[in-house]
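>>> Sequence plus the predicted model coming up.
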Amino acid sequence: MITLRMPKVDGDGNHPDITPTHPGQQLGENTLCQPPGELSAELFVRPDSLTVLRTIDGHVAAKTIRATTAGIEIENFDSGAKFVPETVSVDGIHSLADVLTGLAADPTRLVIRGRLGPNRKPAKSDGAVFRRKTVPGSTWRGYFEPAARRWVCIDIDEPLLMAGMSQAEDPEAVVRHALALLGRPWRDVTVYWQGSSKAGLPGILKIKLHLWFWFDEPVDDSQLRAKFRLMNKRDGLKVVDEALADSIQIHYTAAPVFVGMVDPLQRRQGVLSGSVDEVAVADLHLAPLPMAKAKPGRAKVVLPSPMRAGVVSKTALPPSPSKEEAVASPDRVSSAVIFHQRPRAGLYAAILDDILVLARHRHGGGGVGDGERDCFLFAATIAAVNVRPGRMEAAASELATILVPDKPEIWVASKLSALADRTARHVAGERLLQGGKVVSPIYSPTVAWFVNFLSITDEEMAGLSKLVSGAVSRRRRRGLTPAAQLKAECRERTHSLALAAAELYCRRNLNAPAVARQLGVGERRVWALLDVVFAEAEALAGY
């Protein structure tokens, strides 16, 4: 039995949020095991938890390292194909470290990122299931499904140890070197580290580490895999194992079993504290999740019934106004300024916030002219009405305190009489036939209309969220793409490596092969890095 820190239980030994699935099945305090049988689906829907799989039929989830007369023999994992799933709740990096420390002593347990699907139960009484995942969009029903997690394990297996480093003598120095290879934002965060099975063995010149981190919010498997791929591409070698981002990929947690020899590592795991305990997901610049594609189909237009009170019938609707009529009569708006279907209120709430920010930026000190003042008032109330009809008066009053604080409420109401009439007609249920579509009487302009109507400049758009032109929006998207982030990280890493190479080559009098060994790069890369430093020095000297 493995003793671990578990959630609190009530007086009967039950978890307060989980009901046993059959009589006699209880979660004992401070234990990981539970009796086999039907498993509660709620055990597998907690985002901050570990899915622990227990091997059966004598299978072992640990390597066996044996000393023989011919040398050291390594017997690989033999974890089998079926496992008994269990869930352990974790609430931070230190809670995660406690659980993993307990698992390190049990060669029959391992961890995966996925969770048992809510409709999938073990087929037999022993509670064992196959480690298979459900394929989205397919009829194949596996037992496990992806789950966004706040924890991640990074397997570093390929980078070379620096000269003089030893995982057996100073494992924390190796961990710090590995964190430096990962770069921001990993390098100054609290991490739980484990030496992998081959760590410390004779002849092993590479870093052999498992690094466990805690995120400040859950991260999806696909986003994590894309980030790992970018990290490897940035450094030109396999720094991290991308496979650990898969929902059913095994995370081996048990220490190896040594036969005829002692463990070369005096300490195989530990916690290295950083300035913060959580990795900021915002600093990872993850790729956005793909949006589900809507099925194509024609939207049905339901014409209003003339029998409903306050609704204009189809035959009584006026024809769509021409451009000249719309200019001559501002109370009738052309279809170019109206959406056929009103967008979500959230868009207009953001537009209203931008209008108030813009008003404070331009006219916070007063001195606004009548025409500018009326434009702001008209735009703000249109946005407010699209959020909620009752929001119009509050938005007008808030804007008036910025632009014309000395004007009475009756003045503001007089400016909004035409828009208030349209709002009342909308609330009463009246709809207009506009360009073959049934629309609301209130105005619903596009973002581009607001930008043009208020003559917003590119400099002013820097402080706004929604009222931006297409060109500014495209520039913002380019600046946040994974490719742009990759280029920035590559430039930063190249410059730091170049300074390190110059320090070793010029001040410590090491030759290029020695510098390459120290930095864990190729000799040709060393000369390229030195060229960067020399070019900067020549530029500063004015050559």
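Yep, it's here. Numbers count the residues shown, from 1 in each chain.
>>> continuing past the lowest-mean-pLDDT helix or strand in the chain, what's the next helix or strand?
The weakest-scoring helix or strand in the chain, judged by mean pLDDT, DSSP states H and E, is helix 323-328 (a mean of 43). As assigned by DSSP states H and E, the chain's next helix or strand after helix 323-328 is helix 345-363.
>>> Check which residues of the helix or strand following that next one are buried.
Heading C-terminal from helix 345-363, the first helix or strand you meet, by DSSP H and E, is helix 370-387. Burial within helix 370-387, assessed by neighbour count using 16 or more other CB atoms under 10 Å, is assigned to 372-373, 376-387. The way it works is simple: take the backbone N, C-alpha and C, and place the C-beta from them, glycine included.
>>> Out of the residues you listed, the closest to residue 223 would be?
Residue 223 lies nearest to residue 387 out of the buried residues of helix 370-387, by CB to CB, at 31.6 Å.
>>> residues in contact with the closest one?
By CB atoms under 8 Å, 6 or more residues apart in numbering, the contact set of residue 387 is 345, 348, 349, 352.
>>> Buried subset of those residues as a ChimeraX selection?
Burial among those is assessed by 16+ other CB under 10 Å; the matching ChimeraX selection reads:
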select :348,349,352
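>>> Does anything pack onto the host helix or strand of residue 425? Which helices or strands?
Per DSSP H and E, residue 425 falls inside helix 417-427. Helix 417-427 sits against helix 370-387, helix 392-403, with contacts defined as 3 or more CB pairs under 8 Å, 6 or more residues apart in numbering; DSSP states H and E.
>>> 7 Å - rerun?
For helix 417-427, the packing partners by 3 or more CB pairs under 7 Å, 6 or more residues apart in numbering; DSSP states H and E come out as helix 370-387.
>>> what mean pLDDT would you report for the helix it packs on?
Averaged across helix 370-387, the pLDDT comes to 83.
>>> Can I get the contacts of residue 387 in CSV including pLDDT and distance to residue 481?
Below are these laid out as CSV (pLDDT from 0 to 100; distance: CB to CB, whole Å):
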residue, pLDDT, distance to residue 481
345, 75, 29
348, 88, 28
349, 85, 27
352, 88, 29
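>>> of all the contacts of residue 387, which comes closest to residue 226?
residue 349 (31.3 Å).
>>> how about the nearest residue to the closest one, chain neighbours excluded?
For residue 349, ignoring the flanking residues on the chain, the nearest one in space by CB to CB, 6 or more residues apart in numbering is residue 387 at 4.9 Å.
>>> Report the separation between that neighbour and residue 469.
23 Å (CB to CB, to the nearest Å).
>>> just to revisit the earlier point, with respect to residue 254, which of the contacts of residue 387 is nearest?
residue 349 (52.3 Å).
>>> for the residue most central in space within the chain, which residues make a bridge with it?
Nearest residue to the geometric centre of the chain (CA atoms, centre = their mean): residue 219, 4.8 Å. Residue 219 forms beta bridges with residue 149, as assigned by DSSP bridges.
>>> Next one, pLDDT for the residue lying closest to residue 359 once chain neighbours are set aside please.
Nearest residue to residue 359 in three dimensions, chain neighbours excluded: residue 402, at 4.9 Å (CB to CB, 6+ apart). For residue 402, the model assigns a pLDDT of 80.
>>> same deal with the one 5 residues further on?
Note for residue 407: predicted pLDDT of 65.
>>> How about residue 38?
42.
>>> Which strand or helix spans residue 509?
Counting by DSSP H and E, residue 509 is found in no helix or strand.
>>> Any figure for the gap between it and residue 402?
From residue 509 to residue 402 the distance is 66 Å (CB to CB).
>>> Please apply the same query to residue 218.
Counting by CB to CB, the gap from residue 218 to residue 402 is 40 Å.
>>> Of these two, which one has the most company?
residue 402 (18 against 13; other CB atoms under 10 Å).
>>> Please point out which parts of stretch 241-252 sit buried.
For stretch 241-252, by 16+ other CB under 10 Å, it's 241, 242, 244, 245, 246, 247, 248, 249, 250, 251, 252.
>>> ignore the last one, stretch 225-238
225, 226, 227, 228, 229, 230, 231, 232, 234, 235.
>>> out of everything not next to it in sequence, what's closest to the fourth one?
In this case it means residue 228. Closest to residue 228 by CB to CB, 6+ apart is residue 242, at 4.3 Å.
>>> Kindly report the same for the second one.
Using CB to CB, 6+ apart and skipping the chain neighbours, the partner closest in space to residue 226 is residue 287 (4.8 Å).
>>> which stretches of the stretch 101-250 of the chain form helices?
With DSSP state H, counting those that start in this stretch as the criterion, the stretch 101-250 of the chain has helices at 171-182, 221-235.
>>> Output those in JSON lines, with mean pLDDT appended to each entry.
Output for these, formatted as JSON lines (pLDDT from 0 to 100):
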{"stretch": "helix 171-182", "mean pLDDT": "88"}
{"stretch": "helix 221-235", "mean pLDDT": "85"}
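>>> Which one of those lies nearest to residue 149?
Using CB to CB, those put helix 221-235 closest to residue 149, at 8.2 Å.
>>> just to revisit the earlier point, from the buried residues of helix 370-387, which is closest to residue 278?
residue 387 (34.7 Å).
>>> do you know how far that closest one is from residue 184?
Taken as CB to CB, the span from residue 387 to residue 184 is 39 Å.
>>> repeat for residue 259
42 Å.
>>> ok, back up a step: and the two most separated of the buried residues of helix 370-387?
372 and 387 (23.1 Å).
>>> count of residues packed around residue 222?
17.
>>> roughly how far apart are it and residue 242?
Counting by CB to CB, the gap from residue 222 to residue 242 is 11 Å.
>>> same question, residue 384
As judged by CB to CB, residue 384 and residue 242 stand 48 Å apart.
>>> Same question for residue 537.
Relative to residue 242, and taking CB to CB, residue 537 is found at 38 Å.
>>> Likewise for residue 188?
24 Å.
>>> show me where pLDDT drops low in the stretch 151-300 of the chain?
For the stretch 151-300 of the chain, applying pLDDT under 70 flags the ranges 235-237, 290-300.
>>> quick one, strands of it?
Along the stretch 151-300 of the chain, the segments classed as strands by DSSP state E, counting those that start in this stretch run 191-195, 209-219, 251-252, 257-259, 269-272.
>>> of the buried residues of helix 370-387, closest to residue 149?
Closest approach to residue 149 among those (CB to CB): residue 387, at 35.8 Å.
>>> rewinding a little: quick one: closest of the strands of the stretch 151-300 of the chain to residue 424.
So among the strands of the stretch 151-300 of the chain, strand 209-219 is nearest, using CB to CB, at 43.9 Å.
>>> now the closest one: how far from the chain's centre is it?
12 Å (CA atoms, centre = their mean, to the nearest Å).
>>> and that strand, which residues are buried?
209, 210, 211, 212, 213, 214, 215, 219.
>>> next one: stretch 513-533
Buried residues in stretch 513-533, counted by 16+ other CB under 10 Å: 514-521, 525-526, 529-530, 532-533.
>>> Strands - which of those land there?
Among those, no member is found in strands (DSSP state E).
>>> What residues sit buried inside stretch 150-167?
Applying a neighbour-count criterion of 16+ other CB under 10 Å, one finds 150-161, 167 buried in stretch 150-167.
>>> Straight-line length of that stretch, end to end?
28 Å (CA to CA, to the nearest Å).
>>> how many other residues sit next to residue 221?
With other CB under 10 Å as criterion, residue 221 counts 18.
>>> List the contacts of it.
Going by CB atoms under 7 Å, 6 or more residues apart in numbering, residue 221 touches 113, 146, 245, 246, 247.
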